[in-house]
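A.B. asks: need a structure here:
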Amino acid sequence: MTTSIQLLADTMTLRDLYKKHHWHVSGPTFYQLHLLFDKHYAEQATLIDAIAERIQLLGGVSLAMAADVAETSLIPRPPKGRESVPVQISRLPHAHEIVLKEARTMARLSSERGDDGTNDFLVGEVIRTNELQAWFVAEHVVDTPLVRPE
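C.D. replies: Next comes the predicted model:
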């Protein structure tokens, strides 16, 4: 059950990261990223509810309070203020990697234990959603070219 609590905490943190970036995005791609971040936030919120309900269904107790999530999550906490768009975007693939690593481990363990319902949920919902979101965000990552003196 510990791994599912970890997945829940990390998914809640990822959701909140998307909302923070939704509120703080700026610049020429503001509108597109504002909408993308909000869409991903909503999808993560849906996953959170399903993960928490699965934990409860299997006899566990879900995290519910922000302080407990912050204490448990493996996703690094961003600074309180606004960050540049490239920095905001660079945080998201790393957060997805953390969630995906945990979900894949849980899917493998649930399969080994014969828990087909959890395995199906993790692969069909959690992993696929996070892979797709990570891909969408990664397409926005830009390398900042070095400025060479003339």
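
A.B. asks: give me the low-pLDDT residue ranges for this structure?
C.D. replies: 1-2, 142-150 (pLDDT under 70).

A.B. asks: go again using 80 as the cut-off
C.D. replies: Along the chain, the parts satisfying pLDDT under 80 run over 1-3, 141-150.

A.B. asks: Name the residues of stretch 39-47 that are buried.
C.D. replies: H40, Y41, E43, Q44, A45, L47 (16 or more other Cβ atoms under 10 Å). The way it works is simple: take the backbone N, C-alpha and C, and place the C-beta from them, glycine included.

A.B. asks: Actually, stretch 4-24.
C.D. replies: 4-22, 24.

A.B. asks: Next: stretch 95-107.
C.D. replies: A95, H96, I98, V99, L100, E102, A103, M106, A107.

A.B. asks: Next: stretch 47-61.
C.D. replies: L47, I48, I51, A52, R54, I55.

A.B. asks: Quick check on the last one: phi, psi?
C.D. replies: As for I55, its main-chain torsions (degrees, to the nearest 10) stand at phi -60, psi -50.

A.B. asks: how much space between A42 and E53?
C.D. replies: 17 Å (Cβ to Cβ, to the nearest Å).

A.B. asks: got it, and M65?
C.D. replies: M65 is 17 Å from E53, by Cβ to Cβ.

A.B. asks: what does V137 give?
C.D. replies: 26 Å.

A.B. asks: ok, now L63?
C.D. replies: From L63 over to E53 (counting by Cβ to Cβ), the distance is 13 Å.

A.B. asks: Now render the buried residues of stretch 47-61 as CSV, adding distance to I127 and secondary structure.
C.D. replies: Conversion of the buried residues of stretch 47-61 to CSV gives the following (distance: Cβ to Cβ, whole Å; DSSP: H, G, I helix; E, B strand; the rest coil):
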residue, distance to I127, secondary structure
L47, 10, helix
I48, 15, helix
I51, 12, helix
A52, 17, helix
R54, 14, helix
I55, 17, helix
